[in-house]
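A.B. asks: Whatever this is, show me its structure:
(2 chains)
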Amino acid sequence: GAGVSQSPRYKVAKRGQDVALRCDPISGHVSLFWYQQALGQGPEFLTYFQNEAQLDKSGLPSDRFFAERPEGSVSTLKIQRTQQEDSAVYLCASSLGGGYQPQHFGDGTRLSIL
Amino acid sequence: AQTVTQSQPEMSVQEAETVTLSCTYDTSESDYYLFWYKQPPSRQMILVIRQEAYKQQNATENRFSVNFQKAAKSFSLKISDSQLGDAAMYFCAYNNAGNMLTFGGGTRLMVKP
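C.D. replies: Model prediction:
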């Protein structure tokens, strides 16, 4: 079956530009997560949705980061006025529901800010 | 806040041999889950094995098993009969309240033919 799909796979942007990263979760998965993975480090939590509700955005590093999931399926992570420190791999994961359902990850988007 | 520590940045194992990756964590919770994820160069995080904190029996999945020591807050991964395809980054992760995962810094596993 189809897994979590993320696009684009690679994104290069100039400092100051806005970018949008897309995540298409596994069909029927209620929960959706975004993580940021800096080079050589483990992923760090950014935000969490249950259906269309954003229940936790405590990991978003600044108000330049914004995530949405308007219809409870596809999610978009937007970064405004990008800076070099935003360069990282952005991973999306989905799970069937709450509790301790395992999270299934996409291949990530590698974002490079020049 | 919960923290997860992987003290081995790199490990190396001979093909067909056994290797153990270490992980320690810090939490005040009594109910939680622990996971090991594998991340090959393709970047996709693949779930290897998971352990429920209230279960004393160590989880096993084919060649992968864990040694879960709750009192010591230790959660190591043992890979038996190592294969070339096991070469990857391995991340230990913690989850409580069914929400976000907290990851360690990772261990790069190299498998020598």
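A.B. asks: Now the phi/psi pair for residue B:84, please.
C.D. replies: phi -60, psi -30 (degrees, to the nearest 10).
A.B. asks: Could you report the neighbour count for the closest residue to it other than its chain neighbours?
C.D. replies: The shortest distance from residue B:84 to any non-neighbouring residue, by CB to CB, 6 or more residues apart in numbering or on different chains, is to residue B:111 (5.3 Å). For every residue, glycine as well, the C-beta is placed using N, CA and C. Counted with other CB atoms under 10 Å in any protein chain shown, the neighbours of residue B:111 add up to 20.
A.B. asks: Am I right that residue B:111 is in a strand?
C.D. replies: Yes - assessed with DSSP: H, G, I helix; E, B strand; the rest coil, residue B:111 lies in a strand.
A.B. asks: Can you check the pLDDT for it?
C.D. replies: pLDDT for residue B:111: 97.
A.B. asks: From residue A:32, how far off is the residue of chain A found nearest chain B?
C.D. replies: Chain A approaches chain B most closely through residue A:42 (3.5 Å), counting by CB to the nearest CB. Going from residue A:42 to residue A:32 by CB to CB, to the nearest Å gives 20 Å.
A.B. asks: Which of these two has more residues huddled nearby?
C.D. replies: residue A:32 (28 against 22).
A.B. asks: Return the set of residues that bridge with the residue nearest the centre of chain A.
C.D. replies: Residue closest to the mean C-alpha point of chain A, counted by CA atoms, centre = their mean, is residue A:34 at 3.4 Å. Using DSSP bridges, the bridge partners assigned to residue A:34 are residue A:47, residue A:92.
A.B. asks: I figured it hits residue A:47, correct?
C.D. replies: Yes - assessed by CB atoms under 8 Å, residue A:34 is found in contact with residue A:47 at 5.1 Å.
A.B. asks: Touching both of these two, which residues are there?
C.D. replies: A:67, A:77 (CB atoms under 8 Å, 6 or more residues apart in numbering or on different chains).
A.B. asks: what about the helix or strand where residue B:75 lies, average pLDDT?
C.D. replies: Element membership for residue B:75 (DSSP states H and E) is strand B:74-79. The average pLDDT for strand B:74-79 rounds to 98.
A.B. asks: on contacts alone, who are the packing partners of that strand?
C.D. replies: strand B:19-21, strand B:24-26, strand B:33-39, strand B:46-52, strand B:64-69, strand B:88-95 (3 or more CB pairs under 8 Å, 6 or more residues apart in numbering or on different chains; DSSP states H and E).
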